[in-house]
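Engineer: I'll drop the sequence and a predicted model, then ask my questions.
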Amino acid sequence: MLVLSGGQAETLFDLALPVEVMDLPADLAGIDRLLDDPAVLAPIEAAWTVTARDFGRPTIPMERLVRLMVIKARSGWGYETLVREVSDSLHLRRFCRIALTERVPDESTVRKLVRRLGPDVIEEIVMVLIGSVTGQGAPARFQVRAARIDSTVVESDVRYPTDIELCEDATKILAREAKRVRGLAGDRAPRVRDRSRSVTQRVRKLNRTLAARTGQGKETAVRLTGEAGQLAAVTVGEARRLATRLRERARGRGAQRKLTAADRLEVFIERAAKVCDQVDRRITGKKITDRLVSMSDPDARPIRKGKLRQPTEFGTVFQIAELCENTRRGARGLILPASTKIGSPNESDLLPQTGAKLDRLSLRPRELALDGGFQSGPVNRHLPKTQRTFIAGHKNAGSRRTNRRLAKFRVGCEGRISHLKRRYGLRRSRLKGHDGARTWAGWAVLAYNLDTLAIRAA
């Protein structure tokens, strides 16, 4: 059952508190006023399943969830730390509309609701917030005069991938999933042997060989990786037979449970089979396209941005578009929901998404500053017409003084991306998959925009 508001958060106990406790700090007070707008919760209500709005167990109030997640994005806390800190803080309790006599929602409740809402809802909330302050009738209207766009990589929550360690993960995960569902397949079900220990021994042997610097590292790595791939392939075959057995026994009572178990097992089988194929291609010297870098996060991709410190990153590319009221030094604006695509898209590949969001909000910046990776053709085709467009490293119209001003303004986008990564957790997504990365980035952008508007109104 959908619950949007939690109702009255004050109790008789609040009358005994000091006056200072009743007033929120300036930053939280500004955000509190912005979140009081009923339109902020409208996307949640629209996305909630119609059949579940008035039936089932009540959820926690959605306004409470949004405020908890804003605090999480601003502080960088994990879910357990978030619940503990809010429980102990009178100011945070008042901000989240949780009375002194109420329990703070359990961390698993918050985590599951974030997953249930998904990326589309949180991105819609960001669009509603931006539209509410940039619209014609908005009080203290935010006048968008300039925009700057750049792309960055949000790392996935994976370790540095190697083929032999992926084989280790594949054998371990398949054995674990098979053990979980083997009881559903009957007494004579095919057995999936756990070969992760054998693969781990080869990983350690390879590490010792590389540490010894004997000059045989490359040959040893290829040989041991091939052996690990063979072990993983045998495990894949056993798991396929178990999945087939589950489907054969999916009759009568409990059939749906067996089919669900088979579907889940086959998902990991396909990922493990892809790992085995990558190992075979590496040994035979063939090119590997669309490489899998994690068994738990199949949407993560290797991305090369030419950085000396970190040549290859593993995650998702996001395009950040910041809308500012001026191009002065230190300008702070609003950020659109980040545009993204699985893989390693070029700068211009994400422009249609960014342009569609600007068109929906009816925003027409007068000046546009872009990174050198953009091309003038896609920019003119997908973004709104502007009075002046500056692309770093390209020949641009306008005076030398104007180009220098826009060049400095564009460089500020690098600082804004760094700010988002250091302050709002955009460096690494702790949610799995492409939708998880979008959800993580959406909450970070929402928290940043709320802080920006609160600072502007102060």
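Structural biologist: Now that the structure is in, tell me what you want to look at.
Engineer: Packing partners of the lowest-mean-pLDDT helix or strand in the chain?
Structural biologist: Least confident helix or strand of the chain, by mean pLDDT, DSSP states H and E, is helix 19-22 with a mean of 72. The helices and strands touching helix 19-22, judged by 3 or more C-beta pairs under 8 Å, 6 or more residues apart in numbering; DSSP states H and E, are helix 90-95. From N, CA and C alone the C-beta is placed, and that goes for glycine too.
Engineer: Quick check: what element follows the helix it packs on along the chain?
Structural biologist: Next along the chain after helix 90-95, taking DSSP states H and E as the criterion, comes helix 107-134.
Engineer: Quick check: buried residues in that following helix?
Structural biologist: 107, 109-111, 113-114, 117, 119, 121-127, 129-130, 132-134 (16 or more other C-beta atoms under 10 Å).
Engineer: looking at it, residue 153 is touching residue 312, isn't it?
Structural biologist: No. Using C-beta atoms under 8 Å, residue 153 is not in contact with residue 312, being 9.8 Å away.
Engineer: Show me which of those two is the more surrounded one.
Structural biologist: residue 153 (22 against 13; other C-beta atoms under 10 Å).
Engineer: Quick one: residues contacting residue 343.
Structural biologist: 290, 301, 317 (C-beta atoms under 8 Å, 6 or more residues apart in numbering).
Engineer: pretty sure the last one contacts residue 150?
Structural biologist: When you say that, I think you mean residue 317. No. Taking contacts as C-beta under 8 Å, residue 317 lies outside contact range of residue 150: 11.0 Å.
Engineer: Next, the buried residues of the helix ranked longest in the chain.
Structural biologist: Counting by DSSP state H, the longest helix found in the chain is helix 217-248. Going by neighbour count (16+ other C-beta under 10 Å), the buried part of helix 217-248 is 220-221, 224-229, 231-233, 235-236, 238-240, 242-243, 245-247.
Engineer: I'd like to know which of the contacts of residue 343 are part of strands.
Structural biologist: Judged by DSSP state E, the subset of the contacts of residue 343 located in strands is 301, 317.
Engineer: of all the contacts of residue 343, which comes closest to residue 146?
Structural biologist: Using C-beta to C-beta, residue 317 comes nearest to residue 146 of the contacts of residue 343, at 23.5 Å.
Engineer: Tell me the pLDDT of that closest one.
Structural biologist: With respect to pLDDT, residue 317 scores 95.
Engineer: Tell me how far residue 428 lies from residue 397.
Structural biologist: 40 Å (C-beta to C-beta, to the nearest Å).
Engineer: Looking at those two, which has the bigger crowd around it?
Structural biologist: Between residue 428 and residue 397, counted using other C-beta under 10 Å, the more crowded position is residue 428 (14 against 9).
Engineer: Now for the closest residue to that one other than its chain neighbours: which residues touch it?
Structural biologist: Spatially, and ignoring its direct neighbours in sequence, residue 428 is nearest to residue 155 (4.3 Å; C-beta to C-beta, 6 or more residues apart in numbering). By C-beta under 8 Å, 6+ apart, the contact list for residue 155 reads 313-315, 427-429.
Engineer: give me that answer again for 6 Å
Structural biologist: 313, 315, 428 (C-beta atoms under 6 Å, 6 or more residues apart in numbering).
Engineer: in a helix, that's where it is, yeah?
Structural biologist: No. Secondary structure of residue 155 (DSSP: H, G, I helix; E, B strand; the rest coil): strand, not part of a helix.
Engineer: Which residues does it form beta bridges with?
Structural biologist: residue 315, residue 428 (DSSP bridges).
Engineer: What separation do you get for it and residue 408?
Structural biologist: In terms of C-beta to C-beta, residue 155 sits 28 Å off from residue 408.
Engineer: Residue 377 now?
Structural biologist: Taking C-beta to C-beta, one finds residue 377 at 25 Å from residue 408.
Engineer: now swap in residue 141 and tell me
Structural biologist: From residue 141 to residue 408 the distance is 26 Å (C-beta to C-beta).
Engineer: Next: residue 102.
Structural biologist: Distance from residue 102 to residue 408, by C-beta to C-beta: 50 Å.
Engineer: before we move on, what about residue 55?
Structural biologist: Distance from residue 55 to residue 408, by C-beta to C-beta: 57 Å.
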